[in-house]
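In: any chance you can model this:
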Amino acid sequence: MAEGLSDIKGVSKEDQKMIENIESMFGPQPKDMGFIKNAFWGRFREDLLFPYPQEGDEEREKCDALLAELEEFLEHEHPRVKIDQEQYIPEWVIDRLFDMGVMGMIIPEEYGGLGLGVTSYNRVLELIGRYCASTAVLVSAHQSIGCKAIVMFGTEEQKEEYLPTVAQEELSAFCLSEPDVGSDAAAQESFSVRTEDGDYILNGEKKWSTSGAMSAVFTVMCKNMVPDPETGELEQQGVNALIVTPDMEGVEVFENNRAKAGIRGTWQARFRFNDVRVPKENVLHEEGAGLKVALSCLNYGRCTLSAGVTGAAKAAREQSIKWAQTRYQFERPLADFELVQQKIARMSAVTYAMDAMLYMMTGLLDRGETDIMVETAITKVFCSEFGWKVIDEAMQIMGGEGYMTEHELERAWRDNRIHSIVEGSNEVMQSFIFAYGGKQLAEKLVSIQEALLWDSDESVGDNLSRILKAATTPAVLKKAVPLGAQLFLGLKPSAPELRSVHPALQEQADTLASLVQKHSHYFKLVSKWEREDVVKHQAQQARVANNAIYIFALSASLAKMDDQLRSGEYGPEFERDRAAFEYLFEWFKRKIHQNFGEMRDNADESMREAAEAARAYNDTLPNEDFYIHEGSPLGRDVGKEPPQEHIPQFDGEGEDPRDVDRQPGETYDLDLEEMTEEMGEPAERGNGAPEEPAPASDDT
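Out: Modelled structure (predicted):
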């Protein structure tokens, strides 16, 4: 029987390799499945969402005081327009943020920080996002991914050495992406080799490192290369997370920044590591286990990204509604027209859901829930996509004036477009939500399928022997009979019951329970219809993933409204929230059912044919007329040269490897063969491989 998704028969070698990389990257399944994984099984874990999480009184008061001081600064002193125009955040602004404690919010007090929780941290990021996305990204990159690795995984010595500095004085940066590596984080080309004295020699190139040119500390991800004990050949054993500082010999920032459409005040550096000797004391967590470090940090980064765009979306909602109420056409305000009202209602509904999801997610992180990776991905996808749509709709309401620089909306429009691209593109996140949300259930389906279904690669005798044995095994039949009844007779398990909800919300609770039941059923049907093709049919994956996203949005919103009712909220703001909540359920219920229909009846085949024809025609166009990615296997110089004469340049120091045709991972003088000979037998170490996950349990 199949042990994992990579063992599915009929999957291409390329897709099998992709699945193996992803499974290796994300590691073993937690013992207790999180909310969304349970939803794929048709379950609803009320204990995770109810009651809606809240900070303690002392924590909230501390955060409120910081927010009051920060808002005064952002409203009256912060140069947000100048930052966008000059593509630079002045040092005095950064110093002021350090002085207020904003840059050390997540760092424990004993190391000079404020020691705030995840919810408070995101409340601050939401406020900054209302005013300036560049500043929000600077603050987030510094704490969510820059120094968060040291906070979470650092030794006491590492924390004492680095955290006071990054809490009070200097920026930190995260180095994961490379010229050829974006979402495929397991395919890095940067590498480190352990020397005889235990230190590491680091080589390679990093790209898109926010604040890298201005930072005093970097967290660098790289392949952990060790010699095979028998052959001496270097082979990868996991990924290392190394603490690197710019004063180490061989660290080269050859590009400080690049001009871009939005978040123009942030700087994204490009690094070159040339035989950099990194002390053994600078390894984070364990040798070979660096991907756990990276992925843990990204969970926080996806929340703070969501907080920034949530703040911007709320500001755009309020501005555009005020505009619609006061801008008259045909002798009446724009808000009197129903299509404008539809935009207002949708903006209100999705910003309510964004807020509910964001602070549900931060609450889960604050209380230490372990299986939250799918939920953080969902929150990122929802907030980045719908948040930007809110800003786009706000611009449509404001019309030509919204497009003008002076009203500031166009800056938010440019700034927040990036969020569906970074921290894992939304398309990659949709496939991840599909695959990892339903991974344990899919493995069960695959194991039953391979036990009981005919395999054309086997002989008649082998097929009959295997099927007969499985059909007479009680454990297999216990799983196969109910599944067969669902897939072939349409007999679905009963919907889950929601018992914790306020009585006034029972109608929405029943709707949500029914949607969870159907979501699980349709995931199984899609697996049956597509079989091994589901690995490459990402349009189907996206439909299932989007329904999981909508279900989490509705679930978090239900828990939030439950909390508001129990708290006795009232007044115009609450009435707005209540109406937005009710419309959200009506709207998203229909979107989910539309996806159910398209899972069975869709235009995917003609879509693939149209895409193939367009690609074939494009192949007839000369490469030299178009921009080609620098990492293309066609070579660095096959495409059109990007213009530079009218675009600001932010060159760093040192030699651009693109000018001398040096490939990532190439070095000037490192003799790997000589190094491995000097190293002799490798020291005892972990191999970075994930632990074997425990089988999924039906009663988890």
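
In: and Ala583, what element?
Out: Actually, residue 583 is Tyr. It isn't Ala. Using DSSP states H and E, Tyr583 sits within helix 572-600.

In: which other helices and strands contact that helix?
Out: Here helix 572-600 touches helix 338-366, helix 506-530, helix 538-566, going by 3 or more Cβ pairs under 8 Å, 6 or more residues apart in numbering; DSSP states H and E. For glycine as for every other residue, the C-beta is placed from the backbone atoms N, C-alpha and C.

In: lowest mean pLDDT across those, which one is that?
Out: Ranked by mean pLDDT, the helices and strands packed on helix 572-600 bottom out at helix 506-530, which scores a mean of 92.

In: buried residues in it, which are they?
Out: 508-509, 511-513, 515-527 (16 or more other Cβ atoms under 10 Å).

In: contact partners of that helix?
Out: If you take Cβ atoms under 8 Å, 6 or more residues apart in numbering as the criterion, helix 506-530 is touched by 39-44, 438, 441-442, 445, 483, 486-487, 492-498, 501, 534, 537, 540, 543-544, 547-548, 551, 554-555, 558, 581-582, 585, 589, 592, 596, 599-600.

In: same question, stretch 342-356
Out: With Cβ under 8 Å, 6+ apart as the test, stretch 342-356 has contacts from 52, 306, 309-310, 313-314, 316-317, 320-321, 324, 335, 382-383, 386-387, 389-390, 393-394, 396-397, 553-554, 556-557, 559-560, 576-577, 579-581, 583-584, 587.

In: just the buried ones from the contacts of helix 506-530, in ChimeraX syntax?
Out: A single ChimeraX command is used to select the members of the contacts of helix 506-530 judged buried by 16+ other Cβ under 10 Å:
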select :39,40,41,42,43,44,438,441,442,445,483,486,487,495,496,498,501,534,537,540,543,544,547,548,551,554,555,558,581,585,589,592,596,599
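
In: about what we covered before: what subset of the contacts of stretch 342-356 is buried?
Out: 52, 306, 309-310, 313-314, 316-317, 320-321, 324, 335, 382-383, 386-387, 389-390, 393-394, 397, 553-554, 556-557, 559-560, 577, 580-581, 584.

In: for the helix or strand that comes right after the helix holding Tyr583, packing partners?
Out: Towards the C-terminus, the helix or strand next in line after helix 572-600, according to DSSP H and E, is helix 604-618. For helix 604-618, the contact count by 3+ Cβ pairs under 8 Å, 6+ apart identifies helix 538-566 as packing neighbours.

In: do a quick rundown of the strands in the stretch 301-450 of the chain.
Out: With DSSP state E, counting those that start in this stretch as the criterion, the stretch 301-450 of the chain has strands at 328-329, 332-333.

In: and Asn416, what pLDDT?
Out: 97.

In: how close does it sit to Val244?
Out: 31 Å (Cβ to Cβ, to the nearest Å).

In: may I see the buried residues of whichever strand or helix holds Asp99?
Out: Per DSSP H and E: Asp99 is located in helix 91-100. Applying a neighbour-count criterion of 16+ other Cβ under 10 Å, one finds 93-94, 96-98, 100 buried in helix 91-100.

In: against which helices or strands is it packed?
Out: Helix 91-100 sits against helix 57-76, helix 133-140, with contacts defined as 3+ Cβ pairs under 8 Å, 6+ apart.

In: show me what it is in contact with.
Out: So helix 91-100 is contacted by 66, 69-70, 73, 77-79, 83, 103-104, 135, 138-139, 168-169, 171 (Cβ under 8 Å, 6+ apart).
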